[in-house]
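Asker: this one's structure only:
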């Protein structure tokens with residue numbers, strides 16, 4: 001019995017040993033497969049670790065190209081290596097490859113779902129958008145800010161940055177829409193929204209969208225009734241769209257609000273508003289209102305140099321307008337109306353004008369320093385004397401002309417009112433150095449020009465008897481002859497104008513001095529002014545005398561010609577019958593050989609001289 005029990009136990013032990021061996025063998029085989037797999041993984045892990053360390057070493061040495069290449073190999077071996085994605089993004093950031101840095105973090109998070117990678121990605125979006133804002137690359141900044149908002153959500157700070165970027169791109173509508181998503185109770189948001197709307201309204205005004213501009217700018221004024229820039233833009237918009245009534249109300253409201261000593265308003269913005277208001281009054285041609293508010297501006301800020309300059313400018317402009325109106329009225333014969341405007345001009349801006357002689361179509365006048373008309377005797381800066389009428393009527397304040405009896409003596413005044421002195425008058429009489437009619441003519445004994453044969457009825461000067469009878473008829477003042485504008489019968493027809501010389505003078509511009517043989521060819525050895533006139537007149541271009549007294553002046557089309565006979569030639573001593581024959585005698589008198597001519601093309605008139613035509617006529 002005992003042996004049976006021993007044998008049974010031995011069998012159990014043997015069976016257990018065999019089972020144990022089998023189990024051990026199986027386990028040994030399984031362990032060997034696992035160890036081989038773990039060994040391969042360990043080998044790859046070690047390789048990734050080594051590459052990571054190598055890449056980080058490259059990055060530390062700032063060899064970012066090698067670092068990037070190494071980290072990319074890491075990711076190729078292990079797409080779940082969060083560390084490799086992070087280090088790759090850092091290397092891309094170092095070389096400013098921001099797009100690639102963002103992609104690395106985005107792809108890493110997608111592959112690993114590592115929350116730290118997502119956090120790094122969001123930080124990257126925020127950092128890069130800030131970099132682009134600093135670099136003023138607002139287009140890219142907008143793109144990165146929108147990506148940031150997608151991942152991190154909206155915040156006041158982010159929306160403010162995004163609206164700034166839109167504004168810098170002139171996308172004011174988007175800036176407004178962005179800020180309207182932000183906290184309206186935030187003061188920074190409120191100020192930014194008001195500024196964005198102001199700029200949006202300005203943009204609409206610039207693009208001609210007046211109705212939209214008005215609506216937006218009114219919103220700005222609802223947000224801030226003291227927004228002076230909105231006033232300026234709204235007034236301009238009203239004026240542009242023809243709503244002058246609305247513009248007027250806003251101008252007056254703005255002036256009452258901002259043009260006070262207590263108004264807390266930016267100086268530059270106030271200046272802009274005042275200029276807009278000036279433009280409004282200028283549009284209405286209301287210079288008085290414009291002057292009034294600039295005077296008020298100076299009174300409010302007397303030390304403001306800009307305001308003083310603006311006031312001086314408008315006073316000068318108003319003075320110029322008043323003076324021009326005075327000229328217009330004087331030309332129409334309204335002396336009293338002209339006087340009022342001249343006085344206003346001198347009062348507004350006395351430095352703009354000089355007192356003295358003014359010449360009009362209806363006569364010559366003289367202004368005092370206060371703009372009033374000079375009456376009686378006047379001596380100009382070069383000693384010329386005039387007498388201005390004090391008699392009421394159409395000639396009031398005008399310079400007297402012709403023969404006049406003044407202060408018991410007779411004087412002869414030229415057409416422009418200048419008193420003749422020490423000269424023979426157009427009717428052959430003589431006035432002395434004091435301008436008074438003399439009883440004799442000191443030139444009467446001079447021999448007449450050899451080419452002149454006086455008629456039997458010519459008189460050299462008035463004797464005492466004729467002077468006495470003539471003095472009774474002084475009201476019939478003799479006027480100079482205007483015959484100079486008609487062709488003279490004495491013209492020989494052989495004097496020709498040198499078209500080449502005229503062409504050179506025109507090209508040179510200004511005034512050109514020429515000798516007789518340079519400006520003309522042909523003609524007699526000695527020519528007369530009548531020869532010159534008829535020579536010019538033969539070419540079919542309007543020719544006229546501008547002055548028949550020294551310096552003698554002719555005009556042919558747009559060309560002016562002065563005749564300068566020189567000091568040895570004089571018109572004094574000519575024996576004439578009357579004023580009409582006086583001018584003819586001057587024109588017929590031979591010019592000296594050294595006579596000079598001055599040709600001028602003012603350049604303000606269209607060309608009327610056909611030089612080719614002159615050449616054709618010369619060649620006939």
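Answerer: Alright, I've got the coordinates. As the structure is a prediction and not an experimental result, all values here were calculated from the model.
Asker: alpha carbons only for contacts and neighbour counts from here, please
Answerer: OK.
Asker: ok, now how distant is residue 418 from residue 547?
Answerer: 14 Å (CA to CA, to the nearest Å).
Asker: OK, contacts around residue 352?
Answerer: 316, 319-320, 346 (CA atoms under 8 Å, 6 or more residues apart in numbering).
Asker: Redo these as TSV? Include distance to residue 157.
Answerer: Converted to TSV, the contacts of residue 352 look like this (distance: CA to CA, whole Å):
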residue	distance to residue 157
316	52
319	56
320	57
346	61
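Asker: just curious, which of those residues is nearest to residue 269?
Answerer: Distance to residue 269 across the contacts of residue 352 (CA to CA) is lowest for residue 316, with 24.5 Å.
Asker: Return the residues in contact with the nearest residue to the closest one once chain neighbours are set aside.
Answerer: Distances taken as CA to CA, 6 or more residues apart in numbering put residue 349 closest to residue 316, at 5.5 Å, once the chain neighbours are dropped. Residue 349 is in contact with 312, 315-316, 319, counting by CA under 8 Å, 6+ apart.
Asker: quick revisit: what about residue 418 and residue 547, which has more around it?
Answerer: residue 418 (21 against 14; other CA atoms under 10 Å).
Asker: For that one, which non-adjacent residue is spatially closest?
Answerer: Nearest non-adjacent residue to residue 418 (CA to CA, 6+ apart): residue 386, at 5.3 Å.
Asker: Can you list phi and psi of that neighbour for me?
Answerer: Phi and psi for residue 386, reported as degrees, to the nearest 10, are phi -130, psi 160.
Asker: What distance do you get for it to residue 502?
Answerer: The value you get for residue 386 to residue 502, if CA to CA is used, is 39 Å.
Asker: Those two: who's more crowded?
Answerer: With neighbours defined as other CA under 10 Å, residue 386 and residue 502 compare such that residue 386 has more, 27 against 22.
Asker: Quickly list what the residue nearest to residue 509 when sequence neighbours are not counted is bridged to.
Answerer: Leaving out its chain neighbours, the residue that sits closest to residue 509 by CA to CA, 6+ apart is residue 601, at 6.1 Å. Counting by DSSP bridges, residue 601 forms beta bridges with residue 510.
Asker: repeat for residue 553
Answerer: residue 547, residue 562.
Asker: Near it, how many other residues are there?
Answerer: Using other CA under 10 Å, residue 553 has 19 other residues around it.
Asker: All the strands of the stretch 301-450 of the chain, residue numbers only.
Answerer: 356-360, 363-367, 376-379, 385-388, 402-406, 409-413, 423-424, 430-431 (DSSP state E, counting those that start in this stretch).
Asker: cool, and the stretch 1-150 of the chain?
Answerer: Counting by DSSP E, counting those that start in this stretch, no segments of the stretch 1-150 of the chain form strands.
Asker: would you list every one of the helices in it?
Answerer: 2-60, 64-77, 82-94, 98-112, 115-134, 138-152 (DSSP state H, counting those that start in this stretch).
Asker: again, but for the stretch 301-450 of the chain
Answerer: 305-331, 335-348.
Asker: Residue ranges in the stretch 451-600 of the chain under the pLDDT threshold?
Answerer: The stretch 451-600 of the chain contains residues with pLDDT under 70 at 451-493, 567-568, 570-582.
Asker: Try it again at 80.
Answerer: 451-493, 509-510, 548-551, 566-585 (pLDDT under 80).
Asker: Does residue 200 touch residue 169 like I think?
Answerer: No: between residue 200 and residue 169 there is no contact under CA atoms under 8 Å: 11.9 Å.
Asker: In contact with residue 326, which residues are there?
Answerer: 337-342.
Asker: same question, residue 417
Answerer: Neighbours of residue 417 in contact, by CA under 8 Å, 6+ apart: 363-364, 386-387, 399-401.
Asker: try 10 Å this time
Answerer: 359, 363-365, 384-388, 398-402 (CA atoms under 10 Å, 6 or more residues apart in numbering).
Asker: Distance to residue 96 and pLDDT added to these, as TSV?
Answerer: Formatted as TSV, the contacts of residue 417 follow (distance: CA to CA, whole Å; pLDDT from 0 to 100):
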residue	distance to residue 96	pLDDT
359	78	88
363	83	89
364	82	94
365	81	94
384	85	93
385	87	94
386	87	96
387	89	96
388	88	95
398	85	94
399	87	94
400	90	95
401	91	93
402	94	93
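Asker: What's the PyMOL line that selects buried ones from those?
Answerer: Only the buried entries of these go into this PyMOL selection, using 16 or more other CA atoms under 10 Å:
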select buried, resi 363+364+365+385+386+387+388+398+399+400+401+402
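Asker: Could I get the contacts of residue 417 in a markdown table, plus columns for distance to residue 248?
Answerer: Listed next are the contacts of residue 417 as a markdown table, based on distance: CA to CA, whole Å:
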| residue | distance to residue 248 |
| --- | --- |
| 359 | 42 |
| 363 | 44 |
| 364 | 44 |
| 365 | 42 |
| 384 | 53 |
| 385 | 53 |
| 386 | 51 |
| 387 | 51 |
| 388 | 47 |
| 398 | 44 |
| 399 | 47 |
| 400 | 51 |
| 401 | 53 |
| 402 | 56 |
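Asker: immediately after the helix or strand of the chain at the bottom of the mean pLDDT ranking, which helix or strand?
Answerer: For the chain, counting by mean pLDDT, DSSP states H and E, helix 464-471 ranks last in confidence among helices and strands (a mean of 45). Using DSSP states H and E, the helix or strand that follows helix 464-471 towards the C-terminus is strand 496-497.
Asker: Can you point out the buried residues in whichever helix or strand comes after that following strand?
Answerer: Heading C-terminal from strand 496-497, the first helix or strand you meet, by DSSP H and E, is helix 499-508. Within helix 499-508, the residues that count as buried by 16+ other CA under 10 Å are 499, 501-502, 505-506.
Asker: Out of those residues, flag the one nearest to residue 614.
Answerer: residue 499 (6.4 Å).
Asker: Is it possible to mark the buried ones in the contacts of residue 326?
Answerer: Buried among the contacts of residue 326 by 16+ other CA under 10 Å: 338-342.
Asker: Show me which parts of stretch 201-213 are buried, residue by residue.
Answerer: Buried, per 16+ other CA under 10 Å, within stretch 201-213: 201-205, 210, 213.
Asker: for the residue nearest to residue 316, phi and psi?
Answerer: Per degrees, to the nearest 10, the backbone of residue 349 is at phi -150, psi 80.
Asker: measure it to residue 315 for me?
Answerer: 6 Å.
Asker: Also residue 62?
Answerer: Where residue 315 is concerned, residue 62 sits at a distance of 70 Å (CA to CA).
Asker: The two: who's more crowded?
Answerer: Ranked by neighbour count (other CA under 10 Å), residue 62 and residue 315 place residue 315 first, with 23 against 14.
Asker: give me the number of residues near the nearest residue to the more buried one once chain neighbours are set aside?
Answerer: Take residue 315 and drop its neighbours on the chain: the residue closest to it by CA to CA, 6+ apart is residue 348, 5.6 Å away. When counting by other CA under 10 Å, one arrives at 19 neighbours for residue 348.
Asker: what does residue 406 give?
Answerer: Using other CA under 10 Å, residue 406 is surrounded by 12 other residues.
Asker: Give me the local confidence score for it.
Answerer: Note on residue 406: pLDDT of 91.
Asker: That one contacts residue 386, doesn't it?
Answerer: No: if you go by CA atoms under 10 Å, residue 406 and residue 386 don't touch, sitting 11.6 Å apart.
Asker: and residue 87, what does it touch?
Answerer: Residue 87 neighbours (CA under 10 Å, 6+ apart): 52, 55-56, 59, 67-68, 71-72, 93, 101, 104-105.
Asker: ok, so of the contacts of residue 352, who is nearest residue 268?
Answerer: For those, the nearest to residue 268 is residue 316 (23.2 Å; CA to CA).
Asker: Is the closest one in contact with residue 351, as I believe?
Answerer: Yes: contact criterion CA under 10 Å: residue 316 and residue 351 qualify, at 8.8 Å.
Asker: Find residues that contact each of the two.
Answerer: What both residue 316 and residue 351 touch, as defined by CA under 10 Å, 6+ apart, is the set residue 345.
Asker: Between the two, which is the more surrounded one?
Answerer: residue 316 (19 against 10).
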